[in-house]
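Enquirer: turn this into a model:
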Amino acid sequence: MSPRKTPAKAAQRGEILTLPSGSLKVRVYAGKDPLTGKKNFLTETISHKLPDYRKEAERTRTRLLNQVDERRAPRTTATINMLMDRYEEHLKVDRSTEIGYRRNIRLHIRPLLGHLQLGKHLHGETWDSFNATLKQCSKHCGGKGKFIEHRKAGDHECTDKCKVHVCEGLSDSTIRKIYSCLSGAMKLALRWGWITVNPLDVATQPKAPKSKPNPPSTEEAALIVNEAFRDFSWGMLVWLTMVTGFRRGELCGVRIMDVDFAQRVLTVEVAVGQEGGQTWETDPKDHQKRRIALDEATWNLLLIYFEHIKSVAAEAGVALAPKGKLFSTAVDHSTPLKPDSVSQRYSRMCARLEIKTNLHALRHYSATELIAAGVDPRTVAGRLGHGGGGSTTLKVYSAWRSEADQRAAATLTGRMPTPPVALDPTGNIVSTLEPKISGPYQKIAADLRGAIACGALRPGDALPTVNELTARYDVSVGTANRAVAELKKEGLVEASRGKRAIVLDPSAANTHSADIVDLRQHQTAQGK
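Expert: Numbers count the residues shown, from 1 in each chain. Below is the predicted model:
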């Protein structure tokens, strides 16, 4: 039999190289960069001045190998800028959202994070510094001091729109949108294998701000409507916003054909988006098509308004466009209003009235008035286009929902029977229930008490004799006497041994009761 061969020793993974200084360099192969195709190595240098530095190098090699095995090692040298290039190519959102994402990437993500490598520099300290910069200044000036923010680039004549820069940080809601861009990009990087761990897991993102709707008061709403109707078309737009709670894009997108005058219903299925001077048609938010019932006053106003715009078009010798907008600056209503222009006009009008509000507050006004009127949150959510079956409506308008609940409780109280207890002037609980009859003597006393109350037995009348009571109620003499004693205790009758009980006058009964109390108190004092 041939001798058994010794198995070959497995090749050792990773290597430890000696540097000219005597220190050791640990290097472990981590695969190819999926973006560049180059080999990727994890390296770490161990100083020769450390005690047992060779053992430390072996421990380091083992640790780096574990990182590779557990797929915690960075697999690419790609930067945030490179990731954002690919992310923008794969964006599949509606146009308004896409414009917002690209703006945040251009203004905030690329300038602050673009040069950082995905697998090396995105740790907790990086995100904390990023958040602090966003909170400090939206322009990321770094505290450079005062400078002019020009309304446009290049040579131009400055106006009042060219203002001195004042540092003002981004809101929490804007920062959350920036993190939404980063989150979407990191998910793509994970799916493509660029990274193995999402670096956003260690980031502290701002909490979602609580919505604090501030609708105009009833008095302010009246002032706004009166001022708006100085221009009938503008007044109609403001009125419809108050009644329906439309978003401004939906308001600008409403077509004449969307108004069903026969059914008194208005359909929402088109909105208008805007970026700069450019506008476009899009679906309403959350892509919800909804139908809103109109009240009689609004329906009548729309009838008048429709006749008004038809007559204006006829005077100009044109007809209304087949898919014309309900509100438009064009005579034939072929073009929509610009949402930014509507908001600006509304703000200027409210500034003249010295009312601090904005166009979106009319949406809150519609919602709060509906809830205050007792409309259930699900119906309100349907009119506003809120998702979640009313959960969003409850969350945003919880304060007004609480107020409506209080009114509902008051209404219920008004329809409930009166409780049989009350407080007397001294604060003691007094029952209005009739005494419960549990014994024969109490039944006799109750009957006699009722006869006195209804006038069958008047002051000065004698009660039935004890013998008569015993015969009528089939009780003993002692029971009849106890019933009379009960009435005497209450001050309703006067009775003494050997004489018939006499009904007392109510005023005399009160005096008599008070005398008895005073006598008892005097006797008690004498006994002491």
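Enquirer: buried residues, the one helix or strand Leu240 maps to. List them.
Expert: With secondary structure defined by DSSP states H and E, Leu240 is part of helix 232-244. Neighbour-count burial for helix 232-244, counted by 16 or more other C-beta atoms under 10 Å, picks out Ser233, Trp234, Gly235, Met236, Leu237, Val238, Trp239, Leu240, Thr241, Met242, Val243, Thr244. The C-beta positions use only the backbone N, C-alpha and C, and glycine is treated the same way.
Enquirer: ok, now stretch 275-294?
Expert: Thr279, Thr282, Pro284, Ile292, Leu294.
Enquirer: pipe those into JSON lines and attach distance to Gly382 per row.
Expert: Listed next are the buried residues of stretch 275-294 as JSON lines, based on distance: C-beta to C-beta, whole Å:
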{"residue": "Thr279", "distance to Gly382": "27"}
{"residue": "Thr282", "distance to Gly382": "21"}
{"residue": "Pro284", "distance to Gly382": "13"}
{"residue": "Ile292", "distance to Gly382": "8"}
{"residue": "Leu294", "distance to Gly382": "14"}
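Enquirer: these two touch, right, Ile309 and Asp332?
Expert: No: counting by C-beta atoms under 8 Å, Ile309 sits too far from Asp332 to count as a contact (9.4 Å).
Enquirer: okay, these two: which has more neighbours?
Expert: Neighbours were counted for Ile309 and for Asp332 using other C-beta atoms under 10 Å; Ile309 has more, 21 against 17.
Enquirer: report the angle between the axes of the one helix or strand that one maps to and helix 232-244?
Expert: Assigned by DSSP H and E, Ile309 belongs to helix 296-315. Relative orientation of helix 296-315 versus helix 232-244 (axes from the mean of the first three to the mean of the last three C-alpha atoms, to 10 degrees): 150 degrees.
Enquirer: picking that back up, which neighbours do Ile309 and Asp332 share?
Expert: Shared contacts of Ile309 and Asp332 (C-beta atoms under 8 Å, 6 or more residues apart in numbering): Leu320.
Enquirer: what helix or strand is the residue nearest to Pro464 when sequence neighbours are not counted on?
Expert: Spatial nearest neighbour of Pro464, chain neighbours left out: Arg472 (7.2 Å); criterion: C-beta to C-beta, 6 or more residues apart in numbering. According to DSSP H and E, Arg472 maps onto helix 466-473.
Enquirer: so what secondary structure elements neighbour whatever helix or strand comes next after that helix?
Expert: Proceeding N to C from helix 466-473, the next assigned helix or strand is helix 477-489, under DSSP H and E. Using 3 or more C-beta pairs under 8 Å, 6 or more residues apart in numbering; DSSP states H and E as the contact criterion, the elements in contact with helix 477-489 are helix 440-454, helix 466-473, strand 493-494.
Enquirer: what about the strands in the stretch 151-300 of the chain?
Expert: 163-164, 259-260, 265-268, 271-275, 278-282, 290-293 (DSSP state E, counting those that start in this stretch).
Enquirer: so for Gln117, which of these sits nearest?
Expert: strand 271-275 (32.6 Å; C-beta to C-beta).
Enquirer: so which bits of the closest one are buried?
Expert: Ala271, Val272, Gly273, Gln274.
Enquirer: also stretch 332-341?
Expert: Quick answer for stretch 332-341 (16+ other C-beta under 10 Å): Asp332, His333, Pro336, Leu337, Lys338, Pro339.
Enquirer: quick one: which of the residues you listed is nearest to His48?
Expert: The closest of the buried residues of stretch 332-341 to His48 turns out to be Pro339 (C-beta to C-beta; 68.4 Å).
Enquirer: what about the nearest residue to that closest one once chain neighbours are set aside, distance to Leu337?
Expert: By the measure of C-beta to C-beta, 6+ apart, the closest residue to Pro339 outside its immediate chain neighbours is Arg248, 4.5 Å from it. According to C-beta to C-beta, to the nearest Å, Arg248 and Leu337 sit 9 Å apart.
Enquirer: over to Cys162?
Expert: In terms of C-beta to C-beta, Cys162 sits 28 Å off from Leu337.
Enquirer: do Cys350 as well
Expert: 18 Å.
Enquirer: Cys181 against Tyr101, yeah?
Expert: Yes: using C-beta under 8 Å, Cys181 is in contact with Tyr101, at 5.2 Å.
Enquirer: wait, a strand at Ile16?
Expert: Yes: secondary structure of Ile16 (DSSP: H, G, I helix; E, B strand; the rest coil): part of a strand.
Enquirer: that one against Ser23, yeah?
Expert: No: applying C-beta under 8 Å, one finds Ile16 not in contact with Ser23, separated by 10.6 Å.
Enquirer: for the stretch 151-300 of the chain, which spans come out with low pLDDT?
Expert: 151 (pLDDT under 70).
Enquirer: contact partners for Val268?
Expert: Phe246, Glu250, Gly253, Val254, Asp258, Pro284, Gln288, Lys289, Arg290, Arg291, Ile292, Gly385.
Enquirer: okay, these in a markdown table with distance to Leu64 next?
Expert: A markdown table is the format used below for the contacts of Val268 (distance: C-beta to C-beta, whole Å):
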| residue | distance to Leu64 |
| --- | --- |
| Phe246 | 60 |
| Glu250 | 57 |
| Gly253 | 58 |
| Val254 | 63 |
| Asp258 | 65 |
| Pro284 | 54 |
| Gln288 | 53 |
| Lys289 | 57 |
| Arg290 | 58 |
| Arg291 | 63 |
| Ile292 | 64 |
| Gly385 | 54 |
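Enquirer: between those, which is closest to Ala316?
Expert: Among the contacts of Val268, and counting by C-beta to C-beta, the member closest to Ala316 is Val254, at 21.8 Å.
Enquirer: check contacts around the closest residue to the closest one other than its chain neighbours.
Expert: Leaving aside its sequence neighbours, Val254 sits nearest to Leu326 (C-beta to C-beta, 6+ apart; 4.5 Å). Counting by C-beta under 8 Å, 6+ apart, Leu326 touches Val254, Arg255, Ile256, Asp258, Val259, His333.
Enquirer: tell me the phi and psi of Leu326?
Expert: Backbone dihedrals for Leu326, given as degrees, to the nearest 10, come out at phi -70, psi -40.
Enquirer: quick check: it vs Leu240, distance?
Expert: 8 Å.
Enquirer: what do these two both touch?
Expert: Common neighbours of Leu326 and Leu240 (C-beta under 8 Å, 6+ apart) are Val254.
Enquirer: picking up where we left off before, using TSV, lay out the buried residues of helix 232-244 together with distance to Asn358.
Expert: What follows is the buried residues of helix 232-244, written out as TSV (distance: C-beta to C-beta, whole Å):
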residue	distance to Asn358
Ser233	20
Trp234	16
Gly235	18
Met236	19
Leu237	15
Val238	12
Trp239	17
Leu240	17
Thr241	12
Met242	14
Val243	18
Thr244	17
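Enquirer: out of those residues, who's nearest Ile148?
Expert: Trp234 (35.5 Å).
Enquirer: what's the closest non-adjacent residue to the closest one?
Expert: Trp234 sits nearest to Ala228 (C-beta to C-beta, 6+ apart), 5.4 Å away.
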